[in-house]
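> sequence and predicted structure are below.
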Amino acid sequence: MKHALLLLLSSGLLAWAGSRLVLRQAGRLGLVQAPNRRSSHVKPTPHGGGIGVALGGSAAGIWLAWFHGGVFWPVSGLAFLLAALGLWDDMRHLPVRTRFAAQVLLCALLLQALGGWSPAVGGLLLFAGVWWVNLFNFMDGIDGIAASQALFMLVAGALLGAWFHPGVAGTAGWLWMLAVAAAALGFLLLNWPPARIFMGDVGSTYLAFMIFALALLSVREGWLTYPVWLVLGAVFVADASVTLLRRMLAGERWFEAHRSHAYQRLSRRWGSHRRVTLLAIAFNLLWLAPLAWACLARPGAAWIFMALAYVPLGVALLALGAGKQD
């Protein structure tokens with residue numbers, strides 16, 4: 001128990017310290033983001049603070065890999081490579097094709113490392129993994145929303161796993177889930193509205209990849225299910241998917257940066273990042289967490305609980321104009 005608490009505390013502190021160091025050195029590192037017409041901020045702000053998240057989560061992964069081996073080594077390595085790619089993109093702006101090809105390769109290697117998938121399931125998971133990494137990055141557009149979403153999903157997943165399968169508490173995969181959550185919390189202390197530093201691609205892609213990897217690990221080991229993770233991620237999945245589909249149907253250049261997600265439109269309407277982030281947190285805790293619990297309690301009716309998660313969200317997102325230009 002003491003070692004577990006030390007692991008979580010170390011992960012959170014390392015993330016906070018790493019993010020704070022980037023905050024102080026952002027100008028020298030070329031990690032200051034100037035506002036533009038696609039931004040949701042109005043003054044130059046340091047970004048790349050996700051370096052701290054990647055450091056905290058990776059340190060926990062290496063510690064667990066050292067004592068438990070297995071898939072923890074390749075997962076740690078692949079996540080670190082994706083974070084490094086994100087950092088390079090933050091500093092030098094990689095071409096879209098290069099970034100996408102690397103994401104496909106790293107997600108494919110993750111699936112190979114975890115193993116046990118049929119070709120059909122593996123292909124579907126590869127698509128889901130690449131889409132999840134990108135949509136999480138798309139949704140990292142206002143203060144606090146991405147870090148709080150990661151914190152919610154990972155803590156909720158760990159708690160639900162321990163609730164229905166008490167023996168999973170304290171296992172390596174379960175501890176890593178909480179350690180990455182602790183790293184997200186350490187960064188969130190500096191990113192809570194009004195944010196002092198942004199996450200950048202280094203953090204958003206790392207968190208997305210780790211959530212995906214830990215979700216697959218939990219499903220493979222039988223203590224969580226696909227419907228649970230789809231419900232827990234519904235806010236991000238729904239907003240990104242509805243926005244993308246609407247922009248594609250409108251004939252827009254959907255792959256270019258924009259600020260037409262529902263959460264971005266709502267933050268401009270309310271003139272507040274904090275209120276939108278708090279709304280997402282409240283919806284996650286009060287609506288999606290109970291539905292995720294129900295997916296495990298009544299697995300035969302999981303599709304009903306998924307519909308209850310996504311249908312109201314879809315209606316609300318369309319009403320908010322997700323995907324529409326101002």
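That came in fine, so what should we check first? Numbers count the residues shown, from 1 in each chain.
> sketch out the low-pLDDT regions of the protein for me.
Counting by pLDDT under 70, the chain contains low-confidence ranges at 1, 35-42, 254-255, 326.
> got the domain boundaries for it?
For the chain, automatic domain parsing gives the domain ranges 10-29+43-224, 225-326.
> so which of those is the most surrounded?
The highest mean neighbour count among those, using mean count of other Cβ atoms under 10 Å, belongs to domain 10-29+43-224: a mean of 21. In this view, the C-beta of every residue, glycine as well, is placed from N, C-alpha and C.
> nearest residue to the residue nearest the centre of the chain other than its sequence neighbours?
The structure's the chain has its C-alpha centroid closest to Ala208; by Cα atoms, centre = their mean the separation is 3.7 Å. With sequence-adjacent residues excluded and distances taken as Cβ to Cβ, 6 or more residues apart in numbering, Ala208 is closest to Phe136, at 3.5 Å.
> the one you found sits in which helix or strand?
helix 119-138 (DSSP states H and E).
> helices or strands up against that helix?
When contacts are defined as 3 or more Cβ pairs under 8 Å, 6 or more residues apart in numbering; DSSP states H and E, helix 119-138 sits against helix 96-114, helix 200-220, helix 234-249.
> what's the angle from the helix or strand just after that helix to helix 119-138?
Downstream of helix 119-138, the first helix or strand assigned by DSSP H and E is helix 145-164. Angle of helix 145-164 versus helix 119-138, following axes from the mean of the first three to the mean of the last three Cα atoms, to 10 degrees, is 130 degrees.
> so who does the closest residue to Ser241 other than its chain neighbours touch?
Nearest residue to Ser241 in three dimensions, chain neighbours excluded: Leu135, at 7.2 Å (Cβ to Cβ, 6+ apart). Residues in contact with Leu135 (Cβ atoms under 8 Å, 6 or more residues apart in numbering) are 208, 236-237, 240-241, 244.
> just the residues you listed now: which is nearest Gln149?
Nearest to Gln149 among those: Phe236, at 5.9 Å, using Cβ to Cβ.
> for the closest residue to that closest one other than its chain neighbours, grab phi and psi.
Using Cβ to Cβ, 6+ apart and skipping the chain neighbours, the partner closest in space to Phe236 is Met139 (4.7 Å). Recorded main-chain torsions at Met139 are phi -80, psi -10, according to degrees, to the nearest 10.
> is it correct that Met139 is in contact with Gln149?
Yes: if you go by Cβ atoms under 8 Å, Met139 and Gln149 touch, sitting 7.2 Å apart.
> what is in contact with these two at once?
Counting by Cβ under 8 Å, 6+ apart, the residues touching both Met139 and Gln149 are Phe236.
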